[in-house]
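>>> Fold the following, please.
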Amino acid sequence: MSQSLAATAEPGTETAAQEGEPTRNRLRPALVLGALGVVYGDIGTSPLYAFKEAVKAATSGGVSVPAAATGAVSLILWSLILIVSLKYAVLILRADNRGEGGIVAMLALLGARQARPGSWGALLLVVGLVGAALLYGDGAITPAISVLSAIEGLKVDAPSLGPYVVPITLVILIGLFLVQYKGVAAIGRVFGPVMFAWFLILGLLGILGILHNPEILAAANPLRALDFMFHAGFAVSFAMLGAAFLAVTGGEAMYADLGHFGALPIRAAWFVLVLPALILNYFGQGALLIADPSAIENPFFRLCPDWAHYPLVALATMATVIASQAIISGVFSLTQQSVQLGFLPAMRIVQTARDERGQIYVPVVNWLLAVATLVAVVMFGSSDALAGAYGIAVSMLMGITTLLAALIALRWGYNPILVFAVNGFFLAIDLVFFAANSVKILEGGWFPLVLAGFVALMMLTWKKGNELVEDARVLLRLPEDVFLSGLQHRELLRLPGTAAFLSAAEHGIPLHLSRFVERNHALMERILIITALYEETPTVAREQRAHVTILAPDFYRVILRYGFMEEASIPEGLACAVESRHLPPHVLDDMTIFVGHETIIAKSDDRGMAPWRENLFAFMQRNAERTGAFFGVPTRQVVEVGTEIEI
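Numbers count the residues shown, from 1 in each chain. Next comes the predicted model:
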């Protein structure tokens, strides 16, 4: 089994990762503590609502509370072991792209971005982008259900506070989104300790419940879960499966946050603290319901002594805010990767910490996510109602991740029989949970799917639109030799200084350069054609950043390469070119950077996309971040040259 579970480990990957990121692959306490706050915030707050929903799903079908509690505990236990422990912690974490994880990193490993239209690779790209878009739907639901479930703890001792649960939740969430612009570098230092305390409390509460009713330990036998599913009937079993899946939502963050902490600290945090604490708490809640079926309305808060209810509500609220922050930061990171790889338009990305990679703030995404989250709270009004909307997006994402991991293993040359056996087993589990969650579409599951569908549509439209624009550019772009030959037969006014023309292509003359010469009959003394490319690796070493080709005397083509986790900067790239002596220092003196400003005109013909998608692309292109600003060029150095392009 150990050999088959290594199906997604690329030979030499771990060594390469250790050389590039040595600190992330050491078992340092700080990294383990940080993983508690960032990676496990979501799954760590699942006991607030997952067990309750699973038991209610069974009792609504006529099953007694004690029987439902035992079945739910057994099902949740083995879901945590199979899906999170074996699939994610042991298997999926091996499918890293030089230490980075996530759907976009998987697509980069598979080279899906270069797939030809109509090919299997193109279909794979669509599936992968849908998987990435599902995180946005998850990002809107997670803060809503987490914070709501914590604030609902107030009703245990004070039922009269029920009408104030939604307003209090809205205030907390609005405050959370309002402070995003400050970044989480400072507040993030308390995430780990708070979640450490949270998991200790989860375990202690669970032990208290187990001591009062040890018979719940029988649920450790997987046959109890199978027996319950077999005898409860198809409808009840499916309903409980869908609800029990809430206990593993958040497990996908293990892979998504791989690049921030490394596999070893993530695994250590899970197996040493998180998994034991979750298991103990679920067993404790199950023991409570066997002894007192009336506690079904909120078994988590009923598990603690009366004097500790309000302190526990406060701690639960802090834990759910941390879980919400983790998913928001994950959405920011996914957005950055998608922009770098050409799946979303350029947008303003603010670095909130100079000394920590990944600490970013994306204003547009922050406020769109805020609107979606607040709408979810108002629309559904309780964690019970939101449970119907939660899970379907994550179950789809987990299935897509398993599929892509299998394709990566095959690409790396592993035994197809082992890959199909291991990944096929986990994919079958994913599909069962997806089917169980699919019945909740009309109960609210449509909400995250609509959000994900809209994001996926934008991603696919942006990528296809850029391909059409590039096809149009190719027809208008002059080859280098033709352009240089034409310069020799024209009398041009030579202006002092350097002109740098940004280009999207590695070959040919940018349209705004040929347009500038055509309309102004002049040219600077020194010319640079600069292209910034994002590679399908997380980072690119500084010494490999710039490649310079001399096209003619004082006429250079500069190719700058960045990883999809890096921020491209034209000034930094040119400095690298000078440092490596590929470019003379005087070329950077008195530089003006010319940027092509393209106006997209949608044509009603049979080529390209449907007219409404072409208009959507044109809208996205008009509202994208300015090219100069996106590449870190000072405003005073930028001159825009307009061009109209029909698609």
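
>>> And the helices in the stretch 151-300 of the chain, which stretches?
Secondary structure of the stretch 151-300 of the chain by DSSP state H, counting those that start in this stretch: the helices cover 154-157, 165-178, 188-212, 222-232, 234-244, 253-256, 258-261, 263-269, 275-291, 299-302.

>>> wait, is R581 part of a strand?
No: read with DSSP: H, G, I helix; E, B strand; the rest coil, R581 is coil and lies in no strand.

>>> Quick check: the gap between it and L258.
R581 sits 36 Å away from L258, going by CB to CB, to the nearest Å. C-beta: built from backbone N, CA, C; applies to glycine.

>>> likewise L289?
Counting by CB to CB, the gap from L289 to L258 is 36 Å.

>>> By residue count, tell me the biggest strand in the chain.
Ordering each strand of the chain by length in residues (DSSP state E) puts strand 522-534 first.

>>> distance between that strand and the chain's centre?
35 Å (CA atoms, centre = their mean, to the nearest Å).

>>> buried residues in that strand?
By 16 or more other CB atoms under 10 Å, the buried positions in strand 522-534 come out as 523-524, 526-532, 534.

>>> now do stretch 465-475
465-466, 468-469, 472-473.

>>> just to revisit the earlier point, show me which of R581 and L258 is the more surrounded one.
More crowded of R581 and L258, by other CB atoms under 10 Å: L258, with 25 against 9.

>>> you'd agree the more buried one is up against N97?
No: with contact defined as CB atoms under 8 Å, L258 does not reach N97; the gap is 9.1 Å.

>>> rewinding a little: show only the entries of the buried residues of stretch 465-475 found in helices.
Among those, DSSP state H puts 465-466, 468-469, 472-473 in helices.

>>> Quickly check these for the two that are furthest apart.
Farthest pair in those (CB to CB) is G465 and R473. Separation: 12.6 Å.

>>> Could you list the low-pLDDT ranges of the stretch 101-250 of the chain?
For the stretch 101-250 of the chain, applying pLDDT under 70 flags the ranges 184-189.

>>> Please repeat the previous calculation with a cut-off of 50.
The model of the stretch 101-250 of the chain has no residue with pLDDT under 50.

>>> What of the chain?
For the chain, the stretches flagged by pLDDT under 50 are 1-24.

>>> How about the contacts made by the spatially most central residue of it?
In the chain, the centroid-proximal residue (CA atoms, centre = their mean) is L334; its distance is 4.0 Å. Applying CB atoms under 8 Å, 6 or more residues apart in numbering to L334 gives the contacts 102-104, 132, 135-136, 256.

>>> and of those, the nearest to R515?
Relative to R515, the closest of these is V104; by CB to CB it sits at 34.9 Å.

>>> Surely that closest one is in contact with S338?
Yes: judged on CB under 8 Å, V104 makes contact with S338 at a distance of 6.2 Å.

>>> got the buried residues for stretch 426-435?
Buried residues in stretch 426-435, defined by neighbour count with 16+ other CB under 10 Å: 426-427, 429-430, 433-434.

>>> with these in mind, which one is nearest to I83?
Nearest member of the buried residues of stretch 426-435 to I83, counting by CB to CB, is I429, at 6.6 Å.
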